[in-house]
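# A structural model of the following input is requested.
(one chain, ligands or ions: 3)
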Amino acid sequence: MFKKQTYQSRREKLTTQVGKGLILLLGNDDVGMNYSANVYHFRQDSSFLYFVGIDQPGLAAVIDADSGETTIFGDELTLEDIVWTGAQPSIKDKAAGIGINKTERKSELAEVLAAAQGAGRKVHFLPPYRAKNQRKIQLFLGIQPEAQKGAASKVLINAVIAQRSYKSAEEIVEMEKAVNISRAMHIAVMQAAKVGMKEAQLAGIAHGISMAAEGHPAYPIIMTVNGQVLHSHDHSNALKSGQLVLGDYGGETKTHYAGDITRTFPVDKTFTQQQREIYEIVLKAENDCIAACKPGIAYRDIHSQAAQIIGEGLKDLGLMKGDISDAVAQGATALFFPHGLGHHIGLDVHDMEDLGEDFVGYSEHIKRSELFGTGYLRLGRELEKDFVLTVEPGVYFIPELIDQWQAEGKFTDFINYDKLAPYRDFSGIRIEDNVLITENGHRVLGKAIPKTVGEIEALRQG
Ligand code: GLY
Ligand code: MN
Ligand code: MN
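Ligands and ions are numbered 1, 2, ... in the order given. Got it, this is the predicted structure:
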């Protein structure tokens, strides 16, 4: 947790920006895995963490935007609870620690909200993404779950984004820690991998390091010899000589800031010639796109720069042809680079995605593309100082996509389909780092993580 004044000043800014009505911030509850007492690891809602900071289930906060007063709703432990959980600091004490002096029982919340609505006051809420909080909004405010995304307060959403998008110095300290934990995870995996090991063993090493750092993985670990499956969470394959391992995973700090790092390395001690050629293209795209990051530039344009570098690299190898700028503009490079270049990162790995990707990543004059591939870009708007984002280009050979496009005769001016046969089992390569936008440029967060062909091969050779 940060100091009391951090949370106070965040709530004050929020109150000023929202102006009037009640701001309802729902914390998360425990969720049963297979029966209600056997729970998933608890993860607090990120906006609740940001403005209230209390990391425990079963809480809600109401900020009265007219008076500026905040109330925490939650039930103190009973003696019977304490038998199972041990004594814990009270909600009252925790609330006082973040500058909130008013607490109420959970059961009071419905009445407070009903009274406000009865008096014609607006209750601002964020789009709930968990069934239990959707149920609460339905009970408290009479809005059906399907209608809640649309009924959520745009004023509140924008006010939250207006603060959480800009990382403070104390947040950057935490985010550096998250990247350094992620770095330790990646280095240990790249040192341990051997022919015959299962992906699951490598995932276990990464997971263990994140837990030893008093956190958790920031998102489900991708550890796969099938890098062409963009979000593969299967860990059942044994590593074979000649394959690549794509590892996309990161640690979450004790304070819940995320790291999101990808490295791709050979199961053998060296890359094959074919792997090295594709790797160098992705590495150039990553390095050049990081170098382009600065305030004022639209991230959509840096995404296009990545596609351009990838297209030119593949043209040099004979896999693409024609005018690569046209290929990028028409979406042909998405056969090999079918995802976005990156996204905001912070308390969430895809920061604030629950609030609505277009609110977070686009603006009045930069709208999401409708092209396949570029349409998945989560961040298109102009970069600003204190944003933290990921840069994560990749090249993939997805046999199903290649076959479909070829059968449709798609982009035959740009793609040499007859040259793709030797790449059908290639899988994919992605490289990802986390970047802070500074006054005049950028800074890659954390200590350097091996990334060049030479650095990765040195690590693989011990
Ligand atoms: N880890 C998911 C992503 O890179 O967006
Ligand atoms: Mn990632
Ligand atoms: Mn990412």
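
# Run a quick neighbour tally on the residue in the stretch 101-250 of the chain positioned nearest to ligand 3.
The nearest approach of the stretch 101-250 of the chain to ligand 3 comes at Asp248, 7.2 Å away (CB to the ion). For the C-beta atoms, the positions are set from N, CA and C on the backbone; glycine is no exception. Asp248: 25 surrounding residues under other CB atoms under 10 Å.

# now do Lys102
13.

# That one and Phe73 touch, don't they?
No - judged on CB atoms under 8 Å, Lys102 makes no contact with Phe73 at a distance of 9.8 Å.

# Of all the residues in stretch 248-268, which ones are buried?
Residues of stretch 248-268 classed as buried: 248-253, 255-268 (neighbour count, 16 or more other CB atoms under 10 Å).

# Report the distance from that stretch to the chain centre.
11 Å (CA atoms, centre = their mean, to the nearest Å).

# Any part of that stretch near ligand 2?
Yes - against ligand 2, stretch 248-268 shows contacts by CB under 5 Å from the ion at Asp248, Asp260.

# Could you export that stretch as CSV, CA atoms only?
C-alpha atoms of stretch 248-268 as CSV (Å, rounded to 0.1, in the frame of the first residue of the first chain):
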residue,chain,number,x,y,z
ASP,A,248,4.6,-14.8,-22.3
TYR,A,249,4.3,-14.4,-18.6
GLY,A,250,5.0,-11.9,-15.8
GLY,A,251,4.8,-11.4,-12.1
GLU,A,252,2.4,-9.3,-10.1
THR,A,253,3.9,-7.5,-7.1
LYS,A,254,2.5,-7.8,-3.6
THR,A,255,0.9,-4.4,-4.4
HIS,A,256,-0.7,-5.9,-7.6
TYR,A,257,1.2,-4.1,-10.3
ALA,A,258,1.8,-6.3,-13.4
GLY,A,259,4.8,-7.2,-15.5
ASP,A,260,4.1,-8.5,-19.0
ILE,A,261,7.2,-9.9,-20.8
THR,A,262,7.6,-12.3,-23.7
ARG,A,263,10.8,-14.0,-24.8
THR,A,264,11.2,-16.8,-27.4
PHE,A,265,14.1,-19.1,-27.3
PRO,A,266,15.2,-22.4,-29.0
VAL,A,267,14.9,-25.7,-27.3
ASP,A,268,18.5,-26.4,-28.6
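
# returning to what we had before: make sure the residue of the stretch 101-250 of the chain closest to ligand 3 is indeed in a strand.
Yes - looking at Asp248 with DSSP: H, G, I helix; E, B strand; the rest coil, it is inside a strand.

# Am I right that it is in contact with Thr264?
No - the criterion here is CB under 8 Å, and Asp248 misses it with Thr264 at 9.0 Å.

# so what sits against both of the two?
Taking CB atoms under 8 Å, 6 or more residues apart in numbering as the contact rule, Asp248 and Thr264 both touch Arg430.

# What residues does the stretch 101-250 of the chain have near ligand 2?
So the stretch 101-250 of the chain meets ligand 2 at Asp248 (CB under 5 Å from the ion).

# Recalculate using a threshold of 8 Å.
Tyr219, Ile222, Asp248, Tyr249, Gly250 (CB under 8 Å from the ion).

# Enumerate the residues of this structure near ligand 1.
Tyr219, Asp248, Asp260, Val349, Glu392, Glu432 (CB under 6 Å from any ligand atom).

# Bridge partners for the last one, pull those for me.
The reference is to Glu432. According to DSSP bridges, Thr262 are recorded as the beta-bridge partners of Glu432.

# so what's it up against?
Counting by CB under 8 Å, 6+ apart, Glu432 has contacts Asp248, Asp260, Ile261, Thr262, Arg263, Glu286, Gly342, Thr390, Val391, Glu392.

# before we move on, what about Gly58?
Gly27, Asp29, Asp30, Gly74, Asp75, Lys106.
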